[in-house]
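Engineer: below: sequence and its predicted model.
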Amino acid sequence: MDHMDEITLTGLTVFGRHGVFDHERRDGQEFTIDLALHLPLRTAAESDDVADTVHYGELAERVAAIVAGEPVNLIETLASRIADAVLDDQRVRIVRVTVHKPHAPIALEFADVAVTVTRGRTS
């Protein structure tokens, strides 16, 4: 098995309308996404060709479209949708997705609330 290298993208901030409450759907808020992709990068390192790796600019656009897209109730659901989309690239073996909701409707002072999911493939 190839050694698993990692590509990380952190702090991707996108406006979305996810949440259980009507005002969250109506007013929306910013969500911040962190990704860690585990995949072999030896081929890309040797070829020095972006076609041999996950293009992180395109990845960011794809993830942003999901966050800005169809609203869901739970950030657990949003994180899972993002993970599934990342795994569409067969080179990615494992992905860890964290969705931060720093403006969640919590009536106490807090810095952040986040959900992290880890998904992988068996083959």
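Structural biologist: Cool, the structure landed.
Engineer: buried residues, stretch 16-31. List them.
Structural biologist: Residues of stretch 16-31 classed as buried: 16-19, 24, 28-29, 31 (neighbour count, 16 or more other Cβ atoms under 10 Å). Glycine gets a C-beta too; all of them are placed from N, C-alpha and C.
Engineer: Ala111 - nearest residue in space that isn't next to it in sequence?
Structural biologist: Pro102 (7.1 Å; Cβ to Cβ, 6 or more residues apart in numbering).
Engineer: that neighbour contacts Thr32, doesn't it?
Structural biologist: Yes: at 6.8 Å, Pro102 and Thr32 qualify as touching, with contact defined as Cβ atoms under 8 Å.
Engineer: looking at these two, which is more packed in?
Structural biologist: Counting neighbours by other Cβ atoms under 10 Å for Pro102 and for Thr32 shows that Thr32 has the greater number, 17 against 14.
Engineer: can you tell me the closest non-neighbouring residue to that one?
Structural biologist: Distances taken as Cβ to Cβ, 6+ apart place His100 nearest to Thr32, at 4.1 Å, with adjacent residues excluded.
Engineer: so which strand or helix has Phe15?
Structural biologist: strand 5-16 (DSSP states H and E).
Engineer: how far away from the center of its chain is the next helix or strand after that strand?
Structural biologist: Sequence-wise, the next helix or strand downstream of strand 5-16 (DSSP H and E) is helix 22-27. Mean-position distance between helix 22-27 and its chain equals 22 Å (Cα atoms, centre = their mean, to the nearest Å).
Engineer: for the record, mean pLDDT for helix 22-27?
Structural biologist: In this model, helix 22-27 has a mean pLDDT of 95.
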